[in-house]
Structures are given as C-alpha cells and as structure tokens.
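S.K.: Task: produce atomic coordinates for the following.
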Amino acid sequence: MMCLLVCETTSGQYETALPAAAAIEVLHNFSLIHDDIEDQDKERHNRPTVWAEWGIAQGINTGDAMFVLSHIALHTLLHSDVPPIHQTRKVIQRFDETTLALCQGQYLDISFETRKDVAVEDYLRMIRGKTAALLAYATESGACLGDASAKTIELYHQFGEAVGMAFQMIDDELGIWGNASVTGKPVGADLRQRKKSLPVVYALSSLTGPDSVALRRLYDAGETLSDNDILQMTALLERAGARDFIRNLASEWQERALLALDKAGPAGPSGDLLRDLTTMLLTRTY
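M.R.: Numbering: from 1, shown residues only. Down below sits the predicted model:
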C-alpha cells in the first residue's frame with residue numbers, strides 16, 4: 001500500500017507500481033514463514049503458523065516458493081515502457097539488495113539470543129535490516145516507479161526507513177505488554193524465547209545491583225521459563241524504565257518519518273492517505 005500511494009502521489013498512476021507492490025507483499029510473507037520456523041512460533045494472529053500446521057520441511061519449501069514468486073511478480077515490470085527502463089532496473093536491483101539486508105538483520109536477531117554484549121546500537125542496526133529495509137524499499141521503489149527526482153526518491157527512502165524503525169520498536173513493546181487477544185501472539189512470547197528486543201537490551205544495559213543480577217540470571221538460564229519467570233522479567237523491565245524508553249525512542253523515529261514525508265511533499269488524496277496510513281501504523285495496538 002505504501003509503495004502504491006507513493007507512486008500515485010509522484011506520478012498520478014498507482015497502477016505502474018502494482019508488480020513491485022505484489023513482489024513486496026509476497027517477499028514479506030516469505031520472510032514471515034521462515035521467521036516463524038527460526039523463532040519456533042506456533043501461532044501468528046491466532047492461527048497456526050505454516051510450519052506448525054504442515055511441518056518444518058513444507059514450511060521451508062513454501063517460503064522458498066514465495067521468494068521465487070516475488071521475483072516473478074517484479075520482473076513483469078520489464079514488459080512495460082513505463083517507467084523509464086533505468087528506474088525499472090534500479091527497482092529490481094534494490095529488491096535483491098533489500099532481501100539481503102533482511103537476511104542480515106535476521107542473522108543478527110538470532111545471534112543476539114546467545115550474546116551477552118548486545119547494546120542499543122546493535123539493536124538499531126539489526127532492525128534497520130530486519131524491518132526498516134523493506135519499508136524503505138516500498139516507499140523508495142514507489143517513488144522510482146513514479147519517475148520522481150533523485151532527491152525525492154531519497155526522501156521517501158528516509159521516510160520508509162524511519163517508519164520501519166518506529167514500527168519494530170512498537171512491535172517489541174507489544175511483544176511484551178500487548179494484549180494477546182489483539183496481537184494474536186501469546187503473552188510474553190518474546191521473553192520466553194529470550195529474544196533481545198529493545199526493552200530487554202535497554203534493561204540489561206541500565207539495571208544495576210540485584211535487579212541486574214536477577215534479569216541476567218533469567219536470560220542466561222537454560223531451562224524453560226515459567227509464567228512466574230515471565231512476570232518477574234516484565235516487572236524488572238518496568239523498573240528499568242524500558243517501556244518509557246522504547247515509547248520515547250519510537251516517537252523520535254515517528255517524528256523523523258513525518259518530517260521526511262513533509263519534505264517529499266506528497267500531494268492530493270494519495271498524500272493524505274499516506275499520512276493517515278503512517279499514523280495508523282505507528283499508533284497501533286496489534
């Protein structure tokens with residue numbers, strides 16, 4: 001949707017970007033299928049994940065097939081003379097560069113689970129690849145396919161990246177404090193997997209004394225975490241001020257996103273919808 005809206009606000013014709021928008025959506029869902037396998041998540045939005053329903057082997061195969069389908073969709077851009085061929089080539093090249101950034105971000109996310117030295121800066125680098133890269137590509141490619149100027153394309157890239165950064169921070173908050181009936185994920189799922197999400201990274205680096213020892217003991221322990229462990233971990237994060245920290249940082253990135261969007265100057269109904277969509281994404285509870 002963001003790809004289509006940006007294309008329409010720059011060229012007046014959203015249809016030009018339909019192949020790219022389809023490719024982005026299929027690529028995103030491929031990444032979720034593999035992500036659920038890697039994280040061993042059995043539910044997504046209150047439904048069984050692909051691997052949980054059909055097994056790991058079929059989950060991997062399905063994700064691989066969707067990865068190929070995303071490229072097939074994108075390559076249909078080559079059958080049209082609109083936009084100019086140099087923009088089409090850039091969009092196709094950036095698609096693969098973005099996919100690699102997703103994989104690099106996912107590598108860091110997985111590696112954080114066994115690392116004890118993860119800092120906030122490491123976390124930001126990770127989500128810049130895992131989440132923000134795809135949203136930056138969506139808005140950047142929409143501008144490219146709308147044949148916008150190089151400056152405008154860069155502004156839309158900055159806009160999408162900032163939205164992605166804020167989006168993942170909000171996702172991390174919901175992964176700990178969200179309502180399970182709304183988010184579709186079990187309460188404390190990220191904590192049970194000992195994921196180094198932003199609240200945890202911040203708390204591990206800021207807590208001192210007995211609280212620091214307690215949180216590190218729970219994160220370093222090898223055994224399965226109980227419900228009481230999850231409650232204790234959540235209380236320790238709140239004492240560290242992790243929830244306020246993540247909300248404030250997400251707000252800063254939201255402001256960056258809206259500033260870049262204003263500079264890009266989206267006009268007309270599609271511009272209004274783009275602003276509304278951004279607000280919805282960054283104030284959601286699911």
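S.K.: So which bits of stretch 95-105 are buried?
M.R.: Residues of stretch 95-105 classed as buried: F95, T98, T99, A101, L102, Q104, G105 (neighbour count, 16 or more other CB atoms under 10 Å). (Each C-beta comes from the backbone N, C-alpha and C, glycine too.)
S.K.: any chance of these in JSON lines, plus secondary structure and distance to D171?
M.R.: What follows is the buried residues of stretch 95-105, written out as JSON lines (DSSP: H, G, I helix; E, B strand; the rest coil; distance: CB to CB, whole Å):
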{"residue": "F95", "secondary structure": "helix", "distance to D171": "23"}
{"residue": "T98", "secondary structure": "helix", "distance to D171": "19"}
{"residue": "T99", "secondary structure": "helix", "distance to D171": "20"}
{"residue": "A101", "secondary structure": "helix", "distance to D171": "18"}
{"residue": "L102", "secondary structure": "helix", "distance to D171": "15"}
{"residue": "Q104", "secondary structure": "helix", "distance to D171": "19"}
{"residue": "G105", "secondary structure": "helix", "distance to D171": "13"}
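S.K.: want to try TSV for these, with distance to A136 and pLDDT as columns?
M.R.: Formatted as TSV, the buried residues of stretch 95-105 follow (distance: CB to CB, whole Å; pLDDT from 0 to 100):
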residue	distance to A136	pLDDT
F95	12	98
T98	8	98
T99	13	97
A101	9	98
L102	11	97
Q104	14	97
G105	12	96
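S.K.: from those, which is closest to V118?
M.R.: Minimum separation from V118 among these (CB to CB) is found for G105, which lies at 13.7 Å.
S.K.: Distance of the closest one relative to T76?
M.R.: Counting by CB to CB, to the nearest Å, the gap from G105 to T76 is 27 Å.
S.K.: buried sites along stretch 151-162?
M.R.: T152, I153, E154, L155, Y156, H157, Q158, F159, G160, E161, A162.
S.K.: for P19, what are its contacts?
M.R.: P19 makes contacts with A73, L74, H75, T76, L77, as judged by CB atoms under 8 Å, 6 or more residues apart in numbering.
S.K.: Could I get the full set of helices for the stretch 151-286 of the chain?
M.R.: If you assign secondary structure with DSSP state H, counting those that start in this stretch, the helices in the stretch 151-286 of the chain sit at 180-183, 189-192, 198-206, 209-220, 227-239, 242-264, 268-281.
S.K.: Can you tell me which of the ones you listed is nearest to Q40?
M.R.: Taking CB to CB, helix 189-192 is the member of these nearest to Q40, at 9.9 Å.
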